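K.L.:
Test case, fold it:
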Amino acid sequence: MVLRKAGTAAAAAGVVAVGFAGLVGLGTFAASGTTQSSANNLALSSGTVPAAYQPLIQKWGTLCPEISPPMLAAQLYQESGFDPSARSPAKAYGMAQFLEGTWATYGVDANGDGRRDIWDPADAIASAATYDCALAKDVAKVPGDRQANLLAAYNAGPYAVIKANGIPPYKETQGYVRSITSLARSFTAPVTGGTVALSQQSAGAIYYAQKVLGTPYLWGGEGLPSQGGRFDCSGLTQAAYESVGIKLPRVANDQWYAGPHPARDQLRPGDLVFFANDLTDPRSIHHVGIYVGGGYMINAPHTGAVIRYDKIDQKDYIGATRVTPDGAAALPVRGADGSITAAGQGTAKG
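P.N.:
Take a look at the predicted model:
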């Protein structure tokens with residue numbers, strides 16, 4: 001996760017990183033080739049953020065031209081997984097993971113209750129956007145992509161961006177810019193009437209899943225020899241995509257963010273299909289399978305069952321993800337203690 005050091009952006013306070021049968025054709029995606037002037041108007045893709053937070057992120061994601069709702073959502077997801085009670089060992093708190101010293105400067109009373117509450121999602125979301133825009137102002141005279149420069153400043157501090165006259169040559173800072181830019185695509189609604197680009201890895205992932213049809217389900221199974229080659233739902237999807245060189249997170253509700261989200265009538269073989277207890281909250285995703293066409297998926301359903309074909313049109317179907325290499329690589333990973341570690345991170349260069 002990315003943690004904000006105490007101090008003002010103007011003083012170049014550092015930021016520490018602690019933290020998809022054959023297919024043909026091409027498509028376009030909303031975030032691809034987005035110009036600076038239009039980025040601010042991008043809408044959130046349905047089901048990518050908890051419904052309670054979607055209006056807040058959509059609102060505050062337009063606070064300044066350099067940010068967008070999908071970008072802000074990507075940052076919040078990477079910071080805390082949208083958990084308003086998140087706390088880190090470095091004493092960063094809330095959904096946006098502010099340190100108390102930085103909160104004192106950038107905390108906003110967005111809901112008008114008279115308190116700037118680091119634990120309140122409304123205040124935290126607004127404050128994250130406020131902090132982003134302050135950084136954007138600090139590096140406004142730096143040439144290049146203004147959103148990329150802002151993200152670099154978020155990670156390495158404004159002074160490093162100003163000194164480098166752009167994104168600094170730090171591996172972790174460049175990784176952070178790539179990660180948030182790629183992850184934001186998972187949160188961006190496709191252009192009306194547009195399509196989501198097809199995946200070149202889908203056939204291989206399906207081939208892998210077909211080879212293990214009939215294998216008994218095992219909770220926590222990752223197909224290891226010690227597990228008799230058995231899988232649970234997300235273990236199967238992880239192994240299928242790993243067979244084509246794409247590393248997915250271990251759990252289903254993190255795999256949800258590994259690429260853009262095609263509509264039901266745009267599903268193609270190889271898309272991951274997801275099911276949730278609450279269709280308004282992606283944090284409640286409990287099952288994932290690999291779409292194979294005709295309304296069917298290959299999945300490892302539950303204890304006592306085997307890997308098999310099932311229909312996807314069920315009451316708890318929340319949506320689908322078209323896995324991309326960049327999308328998967330941008331995802332944060334979870335430590336053994338459940339903490340989120342941001343992809344492409346390291347230490348700040350101040």
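K.L.:
Any regions of the stretch 151-300 of the chain where pLDDT drops low?
P.N.:
Scanning the stretch 151-300 of the chain for pLDDT under 70 picks out the ranges 191-195.
K.L.:
Repeat the analysis, applying 80 as the threshold.
P.N.:
190-200 (pLDDT under 80).
K.L.:
For this protein, which segments are assigned as strands?
P.N.:
2-4, 15-17, 92-93, 98-99, 272-276, 285-293, 296-299, 308-311, 317-321, 333-334, 340-341 (DSSP state E).
K.L.:
For the longest one, buried residues please.
P.N.:
Yep, that's strand 285-293 we're talking about. Going by neighbour count (16 or more other Cβ atoms under 10 Å), the buried part of strand 285-293 is Ile285, His286, His287, Val288, Gly289, Ile290, Tyr291, Val292. (C-beta placed from N, C-alpha, C; glycine too.)
K.L.:
Spatially, which two of these are the most separated?
P.N.:
His286 and Val292 (20.7 Å; Cβ to Cβ).
K.L.:
what's in contact with stretch 105-112?
P.N.:
Stretch 105-112 has contacts (Cβ atoms under 8 Å, 6 or more residues apart in numbering) with 4, 6-8, 56, 60, 98, 115-118, 120, 122-123, 125-127, 130-131, 134.
K.L.:
Of the residues you listed, which belong to helices?
P.N.:
Leu56, Trp60, Ala122, Asp123, Ile125, Ala126, Ser127, Thr130, Tyr131, Ala134 (DSSP state H).
K.L.:
do you know which of the strands of the chain lies nearest Val161?
P.N.:
It's strand 15-17; of the strands of the chain, that one is closest to Val161 (Cβ to Cβ) at 11.2 Å.
K.L.:
Quick check on the contacts of stretch 105-112: which are buried?
P.N.:
Buried members of the contacts of stretch 105-112, scored by 16+ other Cβ under 10 Å, are 4, 56, 60, 98, 116-118, 120, 122-123, 125-127, 130-131, 134.
K.L.:
returning to what we had before: is it possible to export the strands of the chain to TSV including distance to Lys171?
P.N.:
Listed next are those as TSV, based on distance: least, Cβ to Cβ, whole Å:
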stretch	distance to Lys171
strand 2-4	15
strand 15-17	11
strand 92-93	22
strand 98-99	24
strand 272-276	30
strand 285-293	32
strand 296-299	38
strand 308-311	43
strand 317-321	28
strand 333-334	17
strand 340-341	16
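K.L.:
closest to Pro143 out of those?
P.N.:
strand 15-17 (21.5 Å).
K.L.:
pLDDT on the closest one, on average?
P.N.:
In this model, strand 15-17 has an average pLDDT of 29.
K.L.:
Then stretch 118-130?
P.N.:
97.
K.L.:
Other residues contacting that stretch?
P.N.:
With Cβ under 8 Å, 6+ apart, stretch 118-130 has contacts from 52-53, 56-57, 60-61, 63-64, 67, 72, 75-76, 79, 84-85, 93-96, 98, 100, 103, 106-111, 115-117.
K.L.:
now, which of these lie within helices?
P.N.:
Going by DSSP H, the helices hold Leu56, Ile57, Trp60, Leu72, Gln75, Leu76, Glu79, Glu100, Trp103, Tyr106 from these.
K.L.:
Derive a PyMOL selection command for the buried subset of those.
P.N.:
Buried residues among those (16+ other Cβ under 10 Å), as a PyMOL selection:
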select buried, resi 56+57+60+72+75+76+79+103+106
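K.L.:
Give me the nearest residue to Phe231, chain neighbours excluded.
P.N.:
Distances taken as Cβ to Cβ, 6 or more residues apart in numbering put Gly221 closest to Phe231, at 4.3 Å, once the chain neighbours are dropped.
K.L.:
Pull the number of nearby residues for the one you found.
P.N.:
21 (other Cβ atoms under 10 Å).
K.L.:
wait, doesn't it sit right on Cys233?
P.N.:
No: using Cβ atoms under 8 Å, Gly221 makes no contact with Cys233, being 9.4 Å away.
K.L.:
Overlap in contacts, these two.
P.N.:
Common neighbours of Gly221 and Cys233 (Cβ under 8 Å, 6+ apart) are Ala300.
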